[in-house]
Each structure stands twice: as structure tokens, then as C-alpha cells.
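Colleague: give the three-dimensional model of this entry:
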Amino acid sequence: MTEPSPSTPPLSTHLRSCLSRLIAPQRHPILLPLVAVALALLVCFIAIWLTGKDPVAGYQKMFMGGLGTLRAQGDSSTRAAILTLTGLSVAVAFSAGLFNIGGEGQLVVGAIAAAFVGQAIAPGSGLIHLPLALGAAMLAGALLALGAAWLKVRRGVHEVISTILLNWIAIYLVEGWLVTGPLRAQSATGHTLPGTAQIAATAELPRFFGLRSDLGFAILLASALALAVWIFLGRTWRGFELRACGDSPETARASGIPVARRVYLAMAISGACAGLAGALIILGMHRQYPAMFRTGYGFDGIAISLIGGNHPLGVLGVAAFFGIIRAGGTSLQLLQIHRTFPELIQGLALLFVAGKAILAHGLLWLRVRADGSSADRPDPSAAVGARPEVEPEPESAPKPKSSEG
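Modeller: Next comes the predicted model:
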């Protein structure tokens, strides 16, 4: 039998080298969210098993419920698009050092603006009507976010406080007055109907398979916007200025960057993304502003952005995953598992991301074990009390005095 050449490293060495490169620190921004989601799935798998249910069948039902049919794919894609936009709303503001918690209010005003434009005008062409409705939603969301930016720049009010308060102002203004008052729907006989009037067909989002599925323009629009935000933040000088303001406002100001203007810009883009998410709900799902409209997508965007590392493409990937499992959550009821179980997975993933220092330490330990350098060949100089072999004498050390004389 021919023995392998001494110069050929064993297979285990190759595997350990590949593992070391895979979990290198520069890949942690991608690995940490993946590990967090995997741990969340594992914990929920064990939780289902402990309750006496079949976790394998449960996960199969959940994923097939989000991908198994055209209708399920349409529901998943719409949810993923909405989560992507609300996640981008948080990520853009975070890149400028701002924490926009007002996504829910910005989504609501964007939704009512899209519902109003969708039924109040009839240009007769979807090429005109749909962009008008989407633009109105983005403008409404941006204006609400700019209110928080103005309070921060001119009055020193922290954006967390102002955006939280503006959430409830927007929600009660829209649902407590506009939907039940000036914009309420009426039948031909004059009776009041719940919600606003139905939007015109020219304002509806195009669908690839007609009424059989909502799969269509929404996910394409969200994906294109995520790519555009990634290019804007990473490849343009204005995006660089936004990130510089987020890293150190004082340094950015000393470098001549107009910090106040960049705060306005970041919040305007952030609000526009959330307002567009509201438009997708109205123009792609309900076709009107319903009487009960408490989505929670604006708050979910915070979790999506944090799990995705506040990176536009990370937000897109995380939103796609949670859009699928949340759309398939209703299928869990067939196994007597509550349909909100995917939200538990999302919460656990966020919890594990919050402990990313522990995950990063675990990945670093695993890489050290894969390298075998620290475990198999410890460095003597790293030991307690170890000293270098030769200690150079300081140049400024005084020379000893001669005993003569």
C-alpha cells in the first residue's frame, strides 16, 4: 500500500482550515444573525417537543404554509416586502446615529395617504395613478419623520421620545378622526361603511398571477429599494456623510459636514420607507384603509433591522425569512400550536443578537480550536510571569559611577 506523501496535509487539516476561514472575524456581521436565527429555531424546536407536539411536523407545516402554494407565496412575499421597508426605515436612521421608533406612525400616515389618492382621483391609467399613490405615501411618512428631525435639531428633543409620541398622534388622528369622519366610506343609499372607500383598479399593485396570489410588484419594489439604499449608503458621498455623522457628529461637524441637514435627510428617507410600507398594505392587500388597522409592522421593523445588522441587504434577507414563517404561522394551528409561534422565533433571535458579544466570543473560541495554534502549541511568552529572553537596556539608563576617585 502506498503511503501518502509527507508534504500532503491530512483531510482534517483542510477541514479545520476551511472552518477557520469561514468563521473569521470579518465574516461575523453575516454569521452572527445566522447563528442567532439558528439558535432561536433550535430553542423553539425544543419548546414544541416539550409540549408533546411533533416539532418536525410543526416546522414542515410552517414552511410549507409560507411556500407551498401560489397564494402562500404571495402572502409571504407581501409580508417580506413590508418588513423590508420598515426594517430599512430603522437601518437608514441608525446609519446616521438616529433611532427611529416612529415606523408605525409613519406607516399609518403613508397608508391613509395611499388610500385617499387611490380612491379620490381617477386619472384612468395605472402608469399615473399607482406612482401618485406610492409617492403620496412616501411623502406623508417623510413629513411625519421630518417633524421628529426638526424637534431634534431645533429644540434638542431626542428622536426616541418624539417618534414614540408621534406614533400615537398619527394613529389616533387617522383612525379616530379621518377614517371614521371625512374619509369614511358610504354606500349608494347613504349608509356608513367600515373603513374608507375601495381604491380604483388603476391604483392596485400589479400581481403576477391575478387573483390567485398577491405575489407581484411589492417584493420587487422592496428589493429594489433595499439595493438602492445599500448603494446610497456605501457608494455615494452623501451616504458617507450620513455614516460619518452616525460615527461621530463632532468630528463630522469639524470636517465641514452639515450635520443638521444630514439628520433631516436620514429621517426623511427613513419616514419615506415606512410610508411606502403602508402603501403596500393598502394597495396590495386590503384595497382600502380598513376600520381596524393595527399591524405592528412598524415595531417589527426594529427587530428586523437589528437582526439584520442594520445593513440594507441583511434587512432584506431577514425580512424574507420572517415573512415566510409568519405567513405560514396559521398552518401551525392544524397541530394545535399557536399561530403566533413565529413571533416567538423572531423575539428569541433578537435576544440572541442582543447578546452578540457572547456569540462572537463563541465563534472566536471555535476558530482558535480549528486553528489548533493556541490549544496545541501554547505560546510560552503568554504565560503568567514569562519574560522575553533578552531585555534591551533603555537608552536613557544612567551609567554606573566608577568607584575610583
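Colleague: any idea which element the residue nearest to residue 167 when sequence neighbours are not counted lies in?
Modeller: Excluding its sequence neighbours, the residue lying closest to residue 167 (C-beta to C-beta, 6 or more residues apart in numbering) is residue 105, at 3.8 Å. (Glycine included, C-beta is placed from N, CA and C.) Under the criterion of DSSP states H and E, residue 105 resides in helix 103-120.
Colleague: quick check: mean pLDDT of the helix or strand following that helix?
Modeller: As assigned by DSSP H and E, the chain's next helix or strand after helix 103-120 is helix 126-155. Averaged across helix 126-155, pLDDT comes to 95.
Colleague: what is whatever helix or strand comes next after helix 126-155 packed up against?
Modeller: Going down the chain from helix 126-155, the next helix or strand is helix 159-173, by DSSP H and E. Packing partners of helix 159-173 (3 or more C-beta pairs under 8 Å, 6 or more residues apart in numbering; DSSP states H and E): helix 103-120, helix 126-155.
Colleague: quick one, which of those helices is nearest to residue 328?
Modeller: Of all the helices and strands packed on helix 159-173, helix 103-120 sits nearest to residue 328, with 23.1 Å by C-beta to C-beta.
Colleague: list the buried residues in that closest one.
Modeller: The neighbour-count check on helix 103-120 (16 or more other C-beta atoms under 10 Å) flags 103-119 as buried.
Colleague: break down the stretch 151-300 of the chain into its helices, ranges please.
Modeller: Counting by DSSP state H, counting those that start in this stretch, the stretch 151-300 of the chain has helices at residues 159-173, 217-235, 237-247, 249-254, 259-281, 297-307.
Colleague: can you give the contact residues for the fourth one?
Modeller: Yep, that's helix 249-254 we're talking about. 97, 241, 244, 245, 259, 262 (C-beta atoms under 8 Å, 6 or more residues apart in numbering).
Colleague: now the helices of the stretch 151-300 of the chain as JSON lines including distance to residue 42?
Modeller: JSON lines is the format used below for those (distance: least, C-beta to C-beta, whole Å):
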{"stretch": "helix 159-173", "distance to residue 42": "33"}
{"stretch": "helix 217-235", "distance to residue 42": "28"}
{"stretch": "helix 237-247", "distance to residue 42": "34"}
{"stretch": "helix 249-254", "distance to residue 42": "40"}
{"stretch": "helix 259-281", "distance to residue 42": "30"}
{"stretch": "helix 297-307", "distance to residue 42": "16"}
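Colleague: show me what the helix holding residue 105 is packed up against.
Modeller: Partner elements for helix 103-120 (3+ C-beta pairs under 8 Å, 6+ apart): helix 70-95, helix 126-155, helix 159-173, helix 259-281, helix 297-307.
Colleague: next, the angle helix 103-120 makes with the second one.
Modeller: If I follow you right, that is helix 126-155. Angle, helix 126-155 to helix 103-120, by axes from the mean of the first three to the mean of the last three C-alpha atoms, to 10 degrees: 140 degrees.
Colleague: can we start the residue count at 608 from this point?
Modeller: Sounds good: first residue 608 from here, last item helix 733-762.
Colleague: tell me the angle helix 733-762 makes with helix 866-888.
Modeller: Interaxial angle of helix 733-762 relative to helix 866-888 (the same axes, to 10 degrees): 140 degrees.
Colleague: and helix 733-762, what does it pack against?
Modeller: Contacts defined by 3+ C-beta pairs under 8 Å, 6+ apart place helix 733-762 against helix 710-727, helix 766-780, helix 866-888.
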